[in-house]
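S.K.: here's a sequence, model it:
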Amino acid sequence: MSEDSQRPIVVKRVKKHAGGHHGGAWKIAYADFVTAMMAFFLLMWLLGTASAGDLKGISEYFQTPLKVALMGGSGSGDRSSMIKGGGQDFTRAEGQVTKGDIHHGKHDVDLKAAEAELARKEKLKLRDLQDRIESAIESNPALKPFRKQMLLDLTTEGLRIQIVDEYNRPMFASGSAQLQPYTRDILREIGKGLNDVPNRISISGHTDAQAYSGGDKGYSNWELSADRANAARRELVTGGMKENRVLRVEGLSSAVLFDADNPLNPINRRISIIVMNKKTEEAVSKGGGTLEGEAKPNAEPDVANENAAAKP
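M.R.: Sure, this is the predicted structure:
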């Protein structure tokens, strides 16, 4: 027997692992599952944040896609969508201004109506202030004799309060800005009531046409009227008016006469206080505004007879 026949026979068995190169398939399946869940939660989030009109549009699309394609819009009530729709938008509040309303002027009409209503309410407050000042003067025995020297009327600029001279009853010492005692009392009484409204104040000083002997080169009616307006301002503040209420103090000399036919009439010497409405206040704040003497009354004032009584 040969040596080769005596050697043991060795059998090598190779174990095969099933699916060896497919061992990562579960990872792909898990990634698909996670992606699907992300897409699901993203869809739920989008649905939760969508408006009622958008949801209705989506529903209509899947029910009748041809209708939406022909008529447009993501929903029957969504007028602001990229694809225009029609009908009422139930997601919008009533009275909301749309671009179409602005285009057709509805927004301008509403704005003008609101401004007109504010002006009407402001006028009522100024008329109430006028009544209270007149009542305060009437109820004060010391001031009642000077009632004819106080002219109150509503103008296009606001409530105008004018204190005028009479022949034998001037407001100031002749040719100076020194107030007479009764003029101080009148101004202080007016100052008490001016804080009852938030409107700003304009004060103007006026003189007659009687010029100084030196003309306008030195101290003239321009300086005198400005000094008198400032003197009136100080007395109003002393009476209780807040200092920041004054927006304009000016001297107009004889440029705006009360009685243009008689330039020397004492009634031309006056102090004019205007409780300005908002429109005039805004114009003055921007450097505009009309001259006080050009303001037209809103209605016929009840001072026509008093003006006649004050004239000679």
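S.K.: how much space separates S139 from L224?
M.R.: From S139 across to L224, the span is 33 Å (CB to CB, to the nearest Å). All C-beta spots, glycine's among them, are computed from the backbone N, C-alpha and C.
S.K.: repeat for D196
M.R.: Note on D196: its distance to L224, by CB to CB, is 31 Å.
S.K.: more neighbours: which of the two?
M.R.: For D196 versus L224, neighbours defined as other CB atoms under 10 Å are more numerous around L224 (21 against 13).
S.K.: where do the helices of the stretch 201-312 of the chain begin and end?
M.R.: Shown for the stretch 201-312 of the chain, the helices assigned by DSSP state H, counting those that start in this stretch span residues 221-238, 278-285, 304-310.
S.K.: please identify the deepest-packed of these.
M.R.: Comparing the helices of the stretch 201-312 of the chain by mean neighbour count (mean count of other CB atoms under 10 Å), helix 221-238 comes out on top with a mean of 20.
S.K.: any low-confidence regions in the chain?
M.R.: Filtered on pLDDT under 70, the chain yields the residue ranges 1-6, 10-23, 61-109, 288-312.
S.K.: how does it divide into domains?
M.R.: 52-89, 130-310 (automatic domain parsing).
S.K.: possible to save those domains as JSON lines with distance to A31?
M.R.: JSON lines is the format used below for the domains of the chain (distance: least, CB to CB, whole Å):
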{"stretch": "domain 52-89", "distance to A31": "29"}
{"stretch": "domain 130-310", "distance to A31": "67"}
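S.K.: single out the most deeply packed of the ones you listed.
M.R.: When the domains of the chain are scored by mean count of other CB under 10 Å, the highest mean neighbour count falls to domain 130-310 (a mean of 17).
S.K.: residues contacting the residue lying closest to N268 once chain neighbours are set aside?
M.R.: Closest residue to N268 apart from its sequence neighbours, by CB to CB, 6 or more residues apart in numbering: D208 at 4.2 Å. For D208, the contacting residues are S254, L257, P263, L264, N265, P266, N268, R269, by CB atoms under 8 Å, 6 or more residues apart in numbering.
S.K.: how much space separates D208 from L46?
M.R.: D208 is 81 Å from L46, by CB to CB.
S.K.: same question, R147
M.R.: Plainly put, R147 is 76 Å away from L46 if you go by CB to CB.
S.K.: need the helices for the stretch 51-200 of the chain, in chain order.
M.R.: With DSSP H, counting those that start in this stretch, the ranges of helices along the stretch 51-200 of the chain come out as 52-63, 65-71, 99-103, 106-139, 181-193.
S.K.: cheers, nothing more for now.
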